[in-house]
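Visitor: Got a predicted structure plus its sequence, pasted below:
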Amino acid sequence: ETKPRIPVLWLHGLECTCCSESFIRSAHPLAKDVILSMISLDYDDTIMAAAGHQAEAIIDETIAKYDGNFILACEGNPPLNQEGMSCIIAGKPYLQQLMKAAEHAKAIISWGSCASWGCVQAAHPNPTQATPIHKVPGLPSKPIIKVPGCPPIAEVMTAVIAYILTFDRFPELDLQGRPKMFYSQRIHDKCYRRPHFDAGQFVEAFDDEGARKGYCLYKVGCKGPTTYNACSTVRWNGGLSFPIQAGHPCIGCSEDGFWDKGSFYER
Ligand code: SF4
Ligand code: SF4
Ligand code: F3S
């Protein structure tokens, strides 16, 4: 309670903004408590009141005031082709904004599959050369934590922030840079439909008898057996449900390359 709120610059590259949409719906802790009591969200062009030159000036102010002591949260990624011209913010390529902030940041959070892996805008043949944060050539060497998912689960996002603030370090990461506490198990490992998988009871087509009985979705393309994420334990909407519980196969949205790895609806 006595700790000063850590400044955060939350930058947006090529993305759809649903990582932010997920974040603001966190129930435990509430996103408002994170923003008002835990971090000082100095810049986030999606939800900040400031706009235009006033908004952009905040980045310089934060860098000058908290050099080496703020968190850089990245939603989306930079396109490298044509000198970054496919993503312009305040008249300049997002790439420039990213490089400058990264140089002065304490650490970087890569929110979602865009920042962590590239996501749909990096789909083959990737004409804009959309590139995940950790692969940007010349990016200043800073600790990077990946929180993949399209989007990540709200409570996973706020828990990562809460952990960093509480312990003043990143949670333990796996070899791909993801927090082990949320990404060390497959959806399949904790899926409530798993007994149907083990019993050989499968949905063969959407809306068939098996679908009505809640059978396993593997044969209609579920990627739960190869997807590391917390959806089947933490779930979504405050723990209410997750894609499989809603009758839809997991498309593996937290995995690197999911957008190019074949049909979402075939095994
Ligand atoms: Fe949107 Fe997905 Fe990218 Fe997040 S990871 S900004 S949800 S496209
Ligand atoms: Fe595994 Fe998907 Fe079947 Fe669940 S629905 S048991 S995650 S294959
Ligand atoms: Fe994504 Fe699969 Fe969870 S599609 S939201 S990782 S159930």
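Guide: Cool, the structure landed. Ligands and ions are numbered 1, 2, ... in the order given.

Visitor: residues touching the residue in the chain positioned nearest to ligand 1, list them.
Guide: Taking CB to the nearest ligand atom, ligand 1 has its nearest neighbour within the chain at G112, 2.8 Å off. C-beta coordinates here come from the backbone N, C-alpha and C atoms, glycine included. With contacts defined as CB atoms under 8 Å, 6 or more residues apart in numbering, G112 is in contact with E15, C18, C19, E75, G76, C119, V147, P148, G149, C150, P151, P152.

Visitor: Including neighbour count, secondary structure and distance to ligand 3, could those residues go into TSV?
Guide: What follows is the contacts of G112, written out as TSV (neighbours: other CB atoms under 10 Å; DSSP: H, G, I helix; E, B strand; the rest coil; distance: CB to the nearest ligand atom, whole Å):
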residue	neighbour count	secondary structure	distance to ligand 3
E15	26	coil	16
C18	15	helix	11
C19	27	helix	12
E75	25	strand	17
G76	26	coil	18
C119	25	coil	12
V147	27	strand	12
P148	29	coil	9
G149	26	coil	6
C150	23	coil	6
P151	27	coil	8
P152	28	coil	9
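
Visitor: closest to ligand 2 among those residues?
Guide: G149 (15.4 Å).

Visitor: Look up how far S22 lies from the closest residue to the closest one other than its chain neighbours.
Guide: Closest residue in space to G149, ignoring its immediate chain neighbours: S254 at 4.2 Å, by CB to CB, 6 or more residues apart in numbering. Between S254 and S22 the computed distance is 12 Å (CB to CB, to the nearest Å).

Visitor: Looking at those two, which is more packed in?
Guide: Residue environment comparison for S254 versus S22 gives the larger neighbour count to S254, 30 against 23, counting by other CB atoms under 10 Å.

Visitor: Which residues are in contact with the more buried one?
Guide: So S254 contacts S113, P148, G149, C150, P152, Y183, T227, Y228, N229 (CB under 8 Å, 6+ apart).

Visitor: Kindly report the same for A50.
Guide: For A50, the set of contacting residues under the criterion of CB under 8 Å, 6+ apart consists of I58.

Visitor: H124 now?
Guide: Contact partners of H124, counting by CB under 8 Å, 6+ apart, are D260.

Visitor: Which pLDDT value does the model give it?
Guide: Confidence at H124, expressed as pLDDT, is 96.

Visitor: Looking at the spatially most central residue of the chain now. What's its pLDDT?
Guide: Centroid-nearest residue in the chain: G112, 1.7 Å away (criterion: CA atoms, centre = their mean). According to the predicted model, the pLDDT of G112 comes to 98.

Visitor: same question, T2
Guide: 72.

Visitor: do you know how far it is from V147?
Guide: 27 Å.

Visitor: can you check A73 too?
Guide: 9 Å.

Visitor: Give me the common contacts of the two.
Guide: Counting by CB under 8 Å, 6+ apart, the residues touching both A73 and V147 are I109, W111.

Visitor: Show me what residue of the stretch 151-267 of the chain gets nearest to ligand 2.
Guide: Sorted by distance to ligand 2 under CB to the nearest ligand atom, the residues of the stretch 151-267 of the chain start with G224, at 2.3 Å.
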